[in-house]
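**Q** Predicted model and sequence below, questions to follow.
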Amino acid sequence: MKKLVILGKAPVKGKQCLDAKIDFPDCEVWTVGTHKIEHADRYYEFHGLALSADRPVFRGVSDDVKAVSSLLPVNNSVSAMLLEAYFEGYKDIEILGCPMIAKDEYQKQKPAVAMCVGFCLGSSRDSIQISWDGAPELVNYYERYQ
């Protein structure tokens with residue numbers, strides 16, 4: 001299975017506009033519907049916005065994601081896309097352009113993405129890799145007491 005790249009709207013590779021075929025060759029690319037990226041494999045749009053008819057637009061989530069949303073805060077597009085990828089069996093996922101630091105709304109959504117990453121990593125019986133450019137810093141505060 002191809003590597004999956006989930007793209008948020010923050011600049012990636014120093015560019016705001018990307019082309020999935022050029023910037024992420026040999027990867028499947030999912031993004032939010034309003035993102036200015038060409039040739040993405042899926043565009044997710046959960047806010048009822050009208051989008052170009054030439055885009056493969058996904059407006060809902062699977063029953064698996066709906067079921068787990070009673071346990072996890074699926075309160076943003078990145079969380080929904082990540083869980084969808086997990087349930088579809090993706091094993092190598094990279095989250096880019098999602099630092100979630102700019103707006104108060106994103107700061108409230110960032111812990112939800114972190115919880116979904118933890119769920120995917122902890123629930124998988126198979127090897128799964130998830131990298132997130134913008135993930136909370138990993139700090140072991142207890143090191144100094146050992």
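**A** Perfect, I can see it now.
**Q** by contact count, what packs against the top helix by length along the chain?
**A** Ranked by residue count and defined by DSSP state H, the top helix of the chain is helix 104-123. Applying 3 or more C-beta pairs under 8 Å, 6 or more residues apart in numbering; DSSP states H and E, we find helix 104-123 packed against helix 77-88, strand 92-96, strand 129-132. Quick note: C-beta positions are derived from backbone N, CA and C, even for glycine.
**Q** So which of these is nearest Ser123?
**A** helix 77-88 (7.8 Å; C-beta to C-beta).
**Q** just how off-centre is the closest one within its chain?
**A** Centre-to-centre, helix 77-88 and its host chain are 7 Å apart (C-alpha atoms, centre = their mean, to the nearest Å).
**Q** if we can go back for a sec, gap between the longest helix of the chain and the chain center?
**A** 10 Å.
**Q** ok, now stretch 90-101?
**A** That offset, for stretch 90-101, works out to 5 Å (C-alpha atoms, centre = their mean).
**Q** residues in contact with the residue nearest to the spatial centre of the chain?
**A** By C-alpha atoms, centre = their mean, the chain has its centre lying nearest to Val78, at 3.7 Å. Neighbouring residues of Val78 by C-beta atoms under 8 Å, 6 or more residues apart in numbering: 6, 8, 95, 98, 100, 109, 113.
**Q** could these go into CSV alongside neighbour count?
**A** Listed next are the contacts of Val78 as CSV, based on neighbours: other C-beta atoms under 10 Å:
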residue, neighbour count
Ile6, 27
Gly8, 23
Ile95, 25
Cys98, 26
Met100, 24
Gln109, 19
Val113, 28
